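Student: Sequence and predicted structure, then a few things I'm wondering about:
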Amino acid sequence: NAGVTQTPKFQVLKTGQSMTLQCAQDMNHNSMYWYRQDPGMGLRLIYYSASEGTTDKGEVPNGYNVSRLNKREFSLRLESAAPSQTSVYFCASSDVPGTFNEKLFFGSGTQLSVL
Amino acid sequence: KQEVTQIPAALSVPEGENLVLNCSFTDSAIYNLQWFRQDPGKGLTSLLLIQSSQREQTSGRLNASLDKSSGRSTLYIAASQPGDSATYLCAVLDNNDMRFGAGTRLTVKP
């Protein structure tokens, strides 16, 4: 029972490099999310996808792009990494979005350092 | 804009003690409130979910309460154990999205 799987777990980039963070879920959830977590701050939403083929900006979308490849996969791309994007990135999916019972399921995170 | 605050940022208690973690939020128009546990280097695991119409939820030694009118929630942990050491985050779901607090880092000393 894998749940939400993220790759890679760790990554070091130089300023200006690009990379894609991968996320896949096997729970047949429609909604998927990308968050970043910085020290002393709560998780902040970068982008989300309410269903296959749709994506929307969250609170902090600048410098990122996303692709909802299919129902299972939702990737996050940094086109030109900046030191301000050093963070821990979490992918999540939800079971019954927009309802009082909506619950998030998280991947184990990607720790990204941009030098 | 919904803001979620957790105080204290860190808490250390001896094993066996009962403890309360606090969460406050600024907009009472929420769908639900969730408490999560996060172990170092790991993702978040949902502990308890309280719908906006509910007052509390219990799971084992954990009890979460919700007072929407005052914008507060508490997570009560009974008979704490070293294995409870982790960061606990609360999150509120409203009409826009889910907003997280920064968490309380709990250390339970043997």
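Tutor: Here it is on my side, so go on. Numbers count the residues shown, from 1 in each chain, chains lettered A, B, ... in the order given.

Student: Next, work out how far apart residue B:97 and chain A are.
Tutor: Separation of residue B:97 from chain A (CB to the nearest CB, to the nearest Å) stands at 6 Å. Every C-beta, even on glycine, is put in place using the N, C-alpha and C of the backbone.

Student: Determine the number of other residues adjacent to that residue.
Tutor: Residue B:97 has 16 neighbouring residues, counting by other CB atoms under 10 Å in any protein chain shown.

Student: Please report the distance of it from residue A:18.
Tutor: Note on residue B:97: its distance to residue A:18, by CB to CB, to the nearest Å, is 27 Å.

Student: residue ranges with poor pLDDT in the chain?
Tutor: With no chain named, the answer covers chain A. Scanning chain A for pLDDT under 70 picks out the ranges A:1, A:97-101.

Student: let's do chain B instead
Tutor: B:96.

Student: and residue B:83, helix, strand or coil?
Tutor: Under DSSP: H, G, I helix; E, B strand; the rest coil, the three-state class of residue B:83 is helix.

Student: Assign the nearest residue to it once chain neighbours are set aside to helix, strand or coil.
Tutor: Computed as CB to CB, 6 or more residues apart in numbering or on different chains, the closest residue to residue B:83 that is not its neighbour in sequence is residue B:108, at 7.7 Å. Put simply, residue B:108 is strand when judged by three-state DSSP.

Student: residues from chain A in reach of chain B?
Tutor: Contact residues (CB under 8 Å from any CB of the partner chain) of chain A with chain B: A:4, A:40-45, A:48, A:58-59, A:90, A:92, A:99-109, A:111.

Student: Just the ones of these in strands?
Tutor: Mapping the residues of chain A next to chain B onto strands (DSSP state E) picks out A:4, A:44, A:45, A:48, A:90, A:92, A:104, A:105, A:106, A:111.

Student: and the residue nearest to residue A:90 when sequence neighbours are not counted, what helix or strand is that in?
Tutor: Residue nearest to residue A:90 in three dimensions, not counting chain neighbours: residue A:35, with 4.6 Å by CB to CB, 6+ apart. Using DSSP states H and E, residue A:35 sits in strand A:31-37.

Student: hmm, who's touching that strand?
Tutor: Residues external to strand A:31-37 that are found in contact with it (CB atoms under 8 Å, 6 or more residues apart in numbering or on different chains): A:21, A:23, A:25, A:43-51, A:58, A:60, A:64, A:66, A:68, A:74, A:76, A:87-94, A:97, A:104, A:109.
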